[in-house]
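Asker: The amino acid sequence is not available; the structure is as follows:
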Ligand SMILES: Nc1ncnc2c1ncn2[C@@H]1O[C@H](COP(=O)(O)OP(=O)(O)OP(=O)(O)O)[C@@H](O)[C@H]1O
Ligand SMILES: [Mg+2]
């Protein structure tokens, strides 16, 4: 045949070629992640082997130079900061998304979205600076020193707000048009439709966004380090200075050696586990969330 | 159907027991609908009779859905969709009389009041992603029904009306999206019926269902005959013939949709006047 179309065998070869390239790319991406995990695991090994695991909780304090490795206050600090930040960012972010997808005029909604995208692009060190110079003095006026759980949570909340708002907005926007028309045809007003139809329909996507934001909160280092005060102690009140795991790694890695260094890697591993667990939990709890 | 040529009387000046009240539910006069300035439907003069089933038929893209959506003002949801001309909803369809016919073109129209009397069923079943019970409770609550006992009774009644009660009575709290397509469509019908409307608009309500489920839904529509005013869009001519009392044929002429012929089901299918109608109902064109 003198057809100008490529022959079947040529197309099959092209298919094979592309498949090889794509599989290769996927393998590199997956391999890199695995490599990082394995590397961190290997570096944590000495600590995990030579220090009995319960000592991370039962040691008297965190004095790694003296062989005391109590990390539970820092785990608690990480969890507390992330929790308070999520409690602030989740309702605010979801409310913002609801406003811009159902109540705001199109122009305002567009501006709002642009604005939030900008918020998402601000480097974390800038948030830290802002927290340090604006938030901390104001919190200190209520109760010294100002550096601590509240400051860190507020800064963190602001940082993860765009993640929550943008993912929630995307989820709300992708709610089936037929559902919204069905709601309108039943005489539901905007509020009823938004709250009782769109929100339940978008809940998987919103939930996925919350998980993403929590993961980000757990791992955020710089901004938190700048305003948390970094005293190793169990968080007791909103005004306590605390040191989250991430800040601890960043602060001490420069000079840590031997077991100390290895424990820092182990706490990195612990952070990864927390995030991994969170993601696993979220996929388990909502099997239909694959599209979110 | 379009024999009343005089402009519709304004009911405010009539006595409620007036014997001359025309038995129509909707009356469109010189209706024109445009999307983004482009007219897709024009010169529509159509009376839709009360307590009868009117089928809207015609080839794809001739404006049947557009017209149907203007009847409950769902066209409001489409940006840059404009409706001109006169479209009235008879005051007869309201429980409380004496307010006059409802001008569906009025910007001050209370669409919530309108949509309580005019329910709609869509082509693709669209139950809310909530429990079966919540699907029915939500519209009731939105319209002010709060009493738990009343809610329960009306939910049960509407589910019985669509023959779904025995199938779902023991799993009312399960999510509605887990039902089969046919069950979902019947739930959507129940959801419309639960508000006790007078009129039901249906846009190809059985076309997304398998033949068995479609037959069940069609039987259900038959069972609503005489109690409701039903306007149904269908591409299934056999279905139109089985269900309809009256038929309106939509057709694109000179680039815009129009109603080319109206009449009883016998007139349209057995003695069509318009050559396009004749070809269409014989399955030769469209
Ligand atoms: N949202 C919209 N914006 C612009 N044009 C539209 C819109 N909806 C429909 N139209 C156009 O209006 C015309 C009538 O559409 P409509 O959906 O009412 O036809 P229909 O008779 O219901 O067709 P079908 O039988 O395929 O459902 C079509 O030309 C369509 O392209
Ligand atoms: Mg249509």
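Answerer: Arrived safely, thanks for sending. Being a predicted model, the structure only gives us computed values, none of them experimental. Ligands and ions are numbered 1, 2, ... in the order given.

Asker: mind listing the helices for chain A?
Answerer: When secondary structure is read from DSSP state H, chain A shows helices at A:8-50, A:55-58, A:72-98, A:106-121, A:124-130, A:136-142, A:149-173, A:177-185, A:190-192, A:199-201, A:203-219, A:222-227, A:245-252, A:258-285.

Asker: which stretch among those helices comes nearest ligand 1?
Answerer: For those, proximity to ligand 1 was assessed by C-beta to the nearest ligand atom; helix A:177-185 is nearest, at 10.2 Å. Glycine gets a C-beta too; all of them are placed from N, C-alpha and C.

Asker: and that closest one with ligand 1, contact?
Answerer: No. Where contact is defined by C-beta under 6 Å from any ligand atom, no part of helix A:177-185 touches ligand 1; the two come within 10.2 Å at best.

Asker: Tell me the helices and strands packed up against that helix.
Answerer: Helix A:177-185 makes packing contacts with strand B:118-121 when contacts are defined by 3 or more C-beta pairs under 8 Å, 6 or more residues apart in numbering or on different chains; DSSP states H and E.

Asker: Show me what the helix or strand that comes right after the strand it packs on is in contact with.
Answerer: Elements were assigned by DSSP states H and E; along the chain past strand B:118-121, the next helix or strand is helix B:132-142. Contacts to helix B:132-142, defined as C-beta atoms under 8 Å, 6 or more residues apart in numbering or on different chains, come from residues A:186-189, A:192, A:196-197, B:127-128, B:130, B:151, B:154-155, B:158-159, B:168, B:171-176, B:179, B:187, B:190-191, B:194-195.

Asker: For chain B, which residue occupies the most central location?
Answerer: Computing the C-alpha centroid of chain B and ranking residues by C-alpha atoms, centre = their mean puts residue B:201 first, at 1.3 Å.

Asker: in which helix or strand would I find that one?
Answerer: Here residue B:201, judged by DSSP H and E, is contained in strand B:199-203.

Asker: hmm, back to that, state the pLDDT value of the residue nearest to the centre of chain B.
Answerer: The model reports residue B:201 with a pLDDT of 96.

Asker: Break chain A down into its structural domains.
Answerer: Taking automatic domain parsing as the criterion, chain A consists of the domains A:2-50, A:62-291.

Asker: Single out the most deeply packed of those.
Answerer: Greatest average neighbour count among the domains of chain A goes to domain A:62-291 (a mean of 19), per mean count of other C-beta atoms under 10 Å in any protein chain shown.

Asker: For the nearest residue to residue B:207 once chain neighbours are set aside, list the residues it contacts.
Answerer: For residue B:207, ignoring the flanking residues on the chain, the nearest one in space by C-beta to C-beta, 6 or more residues apart in numbering or on different chains is residue B:123 at 5.8 Å. By C-beta under 8 Å, 6+ apart, residue B:123 lies in contact with B:203, B:204, B:205, B:207, B:208.

Asker: Let me know the pLDDT of the closest residue to the residue nearest to the centre of chain B other than its chain neighbours.
Answerer: Take residue B:201 and drop its neighbours on the chain: the residue closest to it by C-beta to C-beta, 6+ apart is residue B:120, 4.5 Å away. Per-residue confidence at residue B:120 stands at 95 (pLDDT).

Asker: And for residue B:120, the neighbour number?
Answerer: Residue B:120 is flanked by 25 other residues according to other C-beta atoms under 10 Å in any protein chain shown.

Asker: cool, and residue A:53?
Answerer: Residue A:53 has 10 neighbours, counted by other C-beta under 10 Å.

Asker: Give me the residues contacting stretch B:175-191.
Answerer: The contact list for stretch B:175-191, computed with C-beta under 8 Å, 6+ apart, reads A:182, A:186, B:121-122, B:125-132, B:135-136, B:139, B:158-159, B:161-164, B:167-168, B:200, B:205-206, B:208-210, B:212-214, B:216-217, B:220.

Asker: how about it: buried residues?
Answerer: Within stretch B:175-191, the residues that qualify as buried are B:175-177, B:179, B:182-191, counting by 16 or more other C-beta atoms under 10 Å in any protein chain shown.

Asker: Can you list the strands that the least confident helix or strand in chain B by mean pLDDT pairs with?
Answerer: Of all helical and strand segments in chain B, the minimum by mean pLDDT, DSSP states H and E falls on strand B:102-103, at a mean of 84. As defined by DSSP bridges, the strand partners of strand B:102-103 come to strand B:81-89 (antiparallel).

Asker: need the residues of chain B near ligand 1, please.
Answerer: B:35, B:40, B:60, B:61, B:62, B:63, B:64, B:65, B:66, B:78, B:257.

Asker: Widest-spaced pair of those residues?
Answerer: Comparing all pairs in the residues of chain B next to ligand 1 by C-beta to C-beta, the longest separation belongs to B:60 and B:78, at 18.2 Å.

Asker: Of those two, give the one with the bigger neighbour count.
Answerer: Summary of the neighbour comparison: residue B:60 and residue B:78, criterion other C-beta under 10 Å, with residue B:78 having more neighbours (14 against 9).

Asker: just checking, that one touches residue B:35?
Answerer: Yes. In this structure, residue B:78 sits in contact with residue B:35. The criterion is C-beta atoms under 8 Å, and the distance is 7.0 Å.

Asker: Tell me the confidence at the closest residue to residue A:47 other than its chain neighbours?
Answerer: On the basis of C-beta to C-beta, 6+ apart, the spatially nearest residue to residue A:47 that is not a chain neighbour turns out to be residue A:262, at 3.6 Å. With respect to pLDDT, residue A:262 scores 89.

Asker: now the most centrally placed residue in chain A: how far from residue B:218?
Answerer: Centroid-nearest residue in chain A, with C-alpha atoms, centre = their mean: residue A:216, separated by 1.8 Å. Taking C-beta to C-beta, to the nearest Å as the measure, residue A:216 and residue B:218 are separated by 53 Å.

Asker: likewise residue A:233?
Answerer: Between residue A:233 and residue B:218 the distance is 72 Å, computed by C-beta to C-beta.

Asker: again with residue A:269
Answerer: Taking C-beta to C-beta as the measure, residue A:269 falls 62 Å from residue B:218.

Asker: Then residue B:268?
Answerer: In this view, residue B:268 and residue B:218 are 19 Å apart by C-beta to C-beta.

Asker: Between these two, point out the one with more neighbours.
Answerer: When neighbours are counted by other C-beta under 10 Å, residue B:268 comes out ahead of the other of residue B:268 and residue B:218, with 27 against 19.

Asker: and the residue lying closest to that one once chain neighbours are set aside, helix, strand or coil?
Answerer: The spatial neighbour of residue B:268 that comes closest, neighbours along the chain excluded (C-beta to C-beta, 6+ apart), is residue B:247 at 4.2 Å. Local secondary structure at residue B:247 is given as strand here, using DSSP: H, G, I helix; E, B strand; the rest coil.
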